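**Q** have a look at this prediction, sequence included:
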Amino acid sequence: MSHWLMKSEPGTFSIDTLAALPKQTTAWDGVRNYQARNMLRDSMKIGDTAFFYYSGCEVPGIAGIVRVVKEGYADKTAFDPKHHHFDAASNPRDPRWFVVDVKLVRKFKRLIALEELRKHAGDALADLAVLRRGNRLSVTPVSEAEWEFVLTLE
DNA sequence: GCCAACGTTGGC
DNA sequence: GCCAACGTTGGC
C-alpha cells in the first residue's frame, strides 16, 4: 500500500466540504498536469492513503487523511464546455485527464502546518516533495517513513 | 528540437 | 500583491 499527498485550496474544497458530502467521498477532479495525471491513472490503488493538504491559503499544511476507494477513471469535468476545467482535447473515447475517488478517513485535531513540516526538512522529511522549492505538483508520493513521521506530529 | 514568451502555482 | 519556479505553447 502506498501513501500520497494531495493538494486542495480550502477556499474551493476543504476537508470539511468532504466531510459534509454523502458517503464523505468525492472524485478528485481538476488535475491538469501530466505527472500528477499519471499517478492518478496508474499508481494510486484502492486502500492507498493520502494527506489532504491545504495550499493557496493563509496557513498551508496537512488537514487530515483520505483513502482511495476507486481507482483511476476519466475526469468528466474535462468534457463539459461550461466547466472551469474543460479541455477540448479530452473526450470520453480518449480521455486525457483522470480522477480517483477518495473517502475521508479523518480530519486531524489540528492542522499540521507547512511551517512545522519544514522544521524537519533537514532530517525525517528531507525528501518530502511538498517541501522542495518550486514544487507545484498537486499529487505527490509520500514514503512509509515520511507518513509515519508526520503522524507523530499531530 | 530549441527556446522565448506566457500562464499558473503557491509561499510569503 | 509580489515573485520564483516550472509547465506549456508556438514560432522558427
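**A** Yep, it's here. From a predicted model like this one, the values you see are computed outputs, not experimental measurements.
**Q** switch to C-alpha atoms for all contacts and neighbour counts from now on
**A** Will do.
**Q** list the buried residues of the strand ranked longest in chain A.
**A** The longest strand of chain A (DSSP state E) is strand A:98-113. For strand A:98-113, the buried set under the neighbour-count rule, 16 or more other C-alpha atoms under 10 Å, comprises A:F98, A:V99, A:V100, A:D101, A:V102, A:K103, A:L104, A:V105, A:K107, A:L111, A:I112.
**Q** overlap between the residues you listed and the residues near DNA strand B?
**A** Subset of the buried residues of strand A:98-113 in contact with DNA strand B: empty, counting by C-alpha under 7 Å from any atom of the strand.
**Q** out of those residues, who's nearest DNA strand B?
**A** A:I112 (12.2 Å; C-alpha to the nearest atom of the strand).
**Q** I'd guessed that closest one sits against A:T152; true?
**A** No - when contacts are counted by C-alpha atoms under 8 Å, A:I112 is not listed as touching A:T152 (10.4 Å).
**Q** ok so, going back, out of the buried residues of strand A:98-113, which is nearest to DNA strand C?
**A** If you rank the buried residues of strand A:98-113 by distance to DNA strand C using C-alpha to the nearest atom of the strand, A:F98 comes first, at 13.6 Å.
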